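**Q** Sequence plus predicted model, see below.
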Amino acid sequence: MKVVLRPLKELDAYSSYHWRNDHRIWAYTGKAPSKNINLEDELAWIRTVLAGQNEKRFAICVGKSAKYIGNVQLTNIAANQAEFHIFIGDKSMHGLGIGSQATVLLLNYSKKFLGLNEIYLYVHKDNIPAINLYKKCGFLFFGYSTENRLKFICKL
Ligand SMILES: CC(C)(COP(=O)(O)OP(=O)(O)OC[C@H]1O[C@@H](n2cnc3c(N)ncnc32)[C@H](O)[C@@H]1OP(=O)(O)O)[C@@H](O)C(=O)NCCC(=O)NCCS
């Protein structure tokens, strides 16, 4: 399936607030919502992060209609490195190779347009789909950052 990335936009909140309330998506992520998220919450969140410095956020879109299904982003962008994050909010789209394509697209963008040479991420030790995805895309295990959290690094 064809995957494209485009900048995240405020209107994406109308899709993404639904995903915030699917606990299966956030079981192993660093920032799971602690309450039910409504549209206003999500709009406020998107406005805040889009105004943020040192981060680049993209919508993952698939198919001919470029349907929005998840987010991929870099945060803590510094001179040479940045932190990577990804989720696919539409669970019916998991396991189709979309996460891999979105990751490779963002890694290529990081090198070509941001001039970065290292991307790192943190992942829960039990998040097997994510760990496999990261290894497949060139991330190498760096070490434990906490008891349950692994750090991976990809050299660009
Ligand atoms: C992690 C996530 C983005 C993976 O996206 P995806 O599109 O399903 O991944 P892909 O289909 O590209 O799979 C990439 C590789 O991951 C592995 N993988 C994917 N789903 C898997 C599963 N359920 N179990 C084990 N391995 C899996 C496979 O090795 C796969 O490569 P292969 O198909 O060539 O064997 C998706 O599961 C997700 O959004 N999870 C919830 C949010 C999350 O945990 N984000 C990461 C936080 S660190």
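**A** On my side now, so go ahead. Numbering: from 1, shown residues only.
**Q** Remind me which helix or strand the residue in the chain that the ligand sits nearest to belongs to.
**A** The nearest approach of the chain to the ligand comes at residue 99, 2.4 Å away (C-beta to the nearest ligand atom). For glycine as for every other residue, the C-beta is placed from the backbone atoms N, C-alpha and C. Per DSSP states H and E: residue 99 is located in helix 98-112.
**Q** Just the residues contacting the helix or strand just after that helix, thanks.
**A** Beyond helix 98-112 on the C-terminal side, the first helix or strand identified by DSSP H and E is strand 118-124. When contacts are defined by C-beta atoms under 8 Å, 6 or more residues apart in numbering, strand 118-124 is touched by residues 28-30, 74, 80-85, 107, 110, 130-131, 134, 139, 142, 145, 148-156.
**Q** what subset of those residues is also close to the ligand?
**A** Among the contacts of strand 118-124, the residues lying close to the ligand (C-beta under 6 Å from any ligand atom) are 28-29, 130.
**Q** Residue numbers of this protein in contact with the ligand?
**A** By C-beta under 6 Å from any ligand atom, the residues of the chain that approach the ligand are 25, 28-29, 86-88, 94-100, 123, 127-130, 132-133, 136.
**Q** Other residues contacting stretch 67-80?
**A** Contacts for stretch 67-80 (C-beta under 8 Å, 6+ apart): 5, 8, 12, 15-16, 19, 52, 54-62, 82-90, 93, 98, 102-103, 105-106, 110, 114-119.
**Q** pLDDT of that stretch, averaged?
**A** In this model, stretch 67-80 has a mean pLDDT of 97.
**Q** That stretch: which residues count as buried?
**A** 68-74, 77 (16 or more other C-beta atoms under 10 Å).
**Q** Which phi and psi values does the residue positioned nearest the centre of the chain adopt?
**A** Nearest to the geometric centre of the chain sits residue 86, at 1.7 Å (C-alpha atoms, centre = their mean). Note on residue 86: its backbone torsions stand at phi -150, psi 140 [degrees, to the nearest 10].
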